[in-house]
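**Student:** just a sequence and a predicted model for now, questions to come.
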Amino acid sequence: MEVRVRPHFLASRKPDLTLSEPISPPIDVPRSTARSVVAMRGVSKIFSNGTLALSNMSLDVERGEFLSLLGPSGCGKSTALRIIAGLGAPSSGSIEWPSSTINSKGLPEGDIGFVFQDPTLMPWQTVFGNVHLPLKLQGIGKDAARARIMETLARVGLADFANAYPRELSGGMKMRVSIARALVTRPKLLLMDEPFAALDEITRQKLNDDVMMLWKQSGVTVIFVTHSVFESAYLSSRIVVMRARPGQVFTDLPLSTSHERDENYRTSEEYRATCAIVSRALHDAINSAEVR
Amino acid sequence: MTGHVAGTDDAVILAPPKTRLSEQVLRILVPIVMLTLAVLAWQIYVVTSGTPKYILPSPVDVGAALLTDYPTLLPSLWVTLTITFEALALALVGGVLLAVILVQSKWIELAVFPFAVILQVTPIVAIAPLLIIYTPNTQTALLIVAFLVAFFPILSNMAQGLKSVDHNLLNLFDLYGAGRWNQLIYLKIPASMPYFLTGLRIGGGLALIAAVVAEFAAGSAGAGSGLAFRILESGYRLNMPRLFAALVMLTFTGVAIFGATSFISWLVLHRWHESAVRREN
């Protein structure tokens, strides 16, 4: 297979079709440049042990899209997500928030929701208390926040579990609490860092469907880090494939969202074709790192 | 928790699992029966061997001494209790506050660390005679000793707890722009509760022991003396039943403190912490 090596795969709008023979690609024409929610501009990250985790990564995240960062482990996709969230500053480059007012830390306060790989709940708080946290830190009291918390819990199907403690919940339910907590501030941007990697396949598919539903209903922009081709192909309106050592964008694949993403989609020809393209792109990304 | 498999979404049990009544009864009965048997064996040994009272009194003698000597013993118990609880209260406030200050910066920790280690490894009771010279009265000296002894387990446990907060939760608080104060109140202090309560249990027991042992070492006498003085006094007078009666009082005080601190621990942790929750399998 031909491998093209470029110094930087800056986010190209078009899929890099030289990477693969086109298989009836379910791919949109490049969309018009809507105003982006967040943009990475030449972001590099060097860890204190000298590892170059990200090298000159640029990415425009457009409003309303469901963007997956897909790549092998160690490609810096989680690092990129954390830098966007303000957890650790970039070594060089910058993060821009074109349509948000940012605070002194350079973050658009209340505009970001973050879902970690682990549910990361406070075990001493009930489900209600955990979801209340982001609002409490904004100075909104329990009673003022109650309606919003209960509404958010209802959206993730946990309205009956407001008074349960995390240890009383299953893994999937804990993750739902984590999602509810991320959504309760009604963020413009939802960042998810391999949120379902530790769950079993059935729970994972269920949560994928729920996230899909939440995305469609709320119009939130999502950046979703995953190492699963199938998950990213199922969820995304755009997949950014990353490559490791150093971490950077390898290719950028906008996907068609014209097909309803539901149970039927999982067995459809379009899904299969998308998976094939994404799988090949990931394969090429891994190979290109090895060639170097 | 039958039917609960990690990862499936619908199975969840909110009601605590019930233990059978027979097991609950046995849980209470077994320790009581064992204690009664031990006391009975003691009584039988003393009676059958004809051991004199001034060497080993029987439980009945000790009980009688408790009844007759309580006008002497109760005020002393009160003195010891006062010292114990004042010391524990001071240790709680001081230990928690210092722990909070220590974890703010590694430089503060480094600066205070040598003193903490020196005070911790020095047998504090051994400086009780010195403290008596430096302090206006014996009670104050005893209070300082008991405080120092109870202080360190609380300090070191609390500091450890404050440092053991889940990093992702810290990230989450950063993400939502939480300041130091909110982070302390809503995250670090609740997260360190299991550690703090361990410190409290250890500190509570040690405060009583220190209050008694320091009185031995410092040597107090007359009115306003604690139970340690009564024990020494009874020993000199070969009044063993009273000595044992004083010991029994101390034991029950210790058990009560342990019970109270364990109960507080249960109250705080039973809904969420693994240590206070029955294993369900």
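**Tutor:** That came in fine, so what should we check first?
**Student:** which SS class is the spatially closest residue to B:Arg201 that is not a sequence neighbour?
**Tutor:** Once flanking residues are discounted, B:Arg201 sits nearest to B:Thr261: 4.5 Å by Cβ to Cβ, 6 or more residues apart in numbering or on different chains. All C-beta spots, glycine's among them, are computed from the backbone N, C-alpha and C. The three-state assignment at B:Thr261 reads helix, by DSSP: H, G, I helix; E, B strand; the rest coil.
**Student:** burial check on B:Thr261, number of neighbours?
**Tutor:** 20 (other Cβ atoms under 10 Å in any protein chain shown).
**Student:** repeat for the one 3 residues further on
**Tutor:** Around B:Ile264 there are 14 other residues, counting by other Cβ under 10 Å.
**Student:** just to check, it is in contact with B:Thr198?
**Tutor:** No: applying Cβ atoms under 8 Å, one finds B:Ile264 not in contact with B:Thr198, separated by 11.7 Å.
**Student:** ok, which stretches of chain A are helices?
**Tutor:** Assigned helices in chain A, in chain order: A:77-84, A:127-137, A:142-155, A:171-183, A:201-218, A:229-235, A:263-266, A:269-291 (criterion: DSSP state H).
**Student:** would you turn the ones you listed into CSV with distance to B:Phe173, mean pLDDT and mean neighbour count?
**Tutor:** Converted to CSV, the helices of chain A look like this (distance: least, Cβ to Cβ, whole Å; pLDDT from 0 to 100; neighbours: other Cβ atoms under 10 Å in any protein chain shown):
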stretch, distance to B:Phe173, mean pLDDT, mean neighbour count
helix A:77-84, 15, 89, 24
helix A:127-137, 7, 93, 23
helix A:142-155, 17, 90, 16
helix A:171-183, 12, 91, 25
helix A:201-218, 24, 86, 17
helix A:229-235, 28, 86, 23
helix A:263-266, 38, 79, 12
helix A:269-291, 34, 81, 18
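**Student:** can those helices go into CSV with extra columns for distance to chain B?
**Tutor:** Output for those, formatted as CSV (distance: least, Cβ to the nearest Cβ, whole Å):
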stretch, distance to chain B
helix A:77-84, 8
helix A:127-137, 5
helix A:142-155, 13
helix A:171-183, 4
helix A:201-218, 5
helix A:229-235, 16
helix A:263-266, 16
helix A:269-291, 23
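**Student:** rewinding a little: what's the residue nearest to B:Arg201 in contact with, if anything?
**Tutor:** Contact analysis of B:Thr261 by Cβ atoms under 8 Å, 6 or more residues apart in numbering or on different chains lists B:197, B:200-201, B:204.
**Student:** pLDDT below threshold where in the stretch 101-250 of chain B?
**Tutor:** B:220-223 (pLDDT under 70).
**Student:** interface residues of it facing chain A?
**Tutor:** Residues of the stretch 101-250 of chain B found near chain A (Cβ under 8 Å from any Cβ of the partner chain) are B:166, B:168-169, B:171-178, B:182, B:186-187, B:190-191, B:193.
**Student:** hmm, 7 Å instead?
**Tutor:** Within the stretch 101-250 of chain B, the residues that sit near chain A (Cβ under 7 Å from any Cβ of the partner chain) are B:166, B:168-169, B:171-172, B:174-178, B:182, B:186, B:190, B:193.
**Student:** counting neighbours, which of those comes out on top?
**Tutor:** B:Leu172 (25 neighbours).
**Student:** and that residue, what element?
**Tutor:** helix B:167-175 (DSSP states H and E).
**Student:** next, the angle from that helix to helix A:171-183.
**Tutor:** Counting by axes from the mean of the first three to the mean of the last three Cα atoms, to 10 degrees, helix B:167-175 lies at 20 degrees to helix A:171-183.
**Student:** on that earlier part again, list just the nearest of the residues of the stretch 101-250 of chain B next to chain A to A:Leu191.
**Tutor:** A:Leu191 lies nearest to B:Leu175 out of those, by Cβ to Cβ, at 9.1 Å.
**Student:** please report how far that closest one lies from B:Trp42.
**Tutor:** 63 Å (Cβ to Cβ, to the nearest Å).
**Student:** over to A:Ser55?
**Tutor:** 79 Å.
**Student:** ok, now A:Arg82?
**Tutor:** 66 Å.
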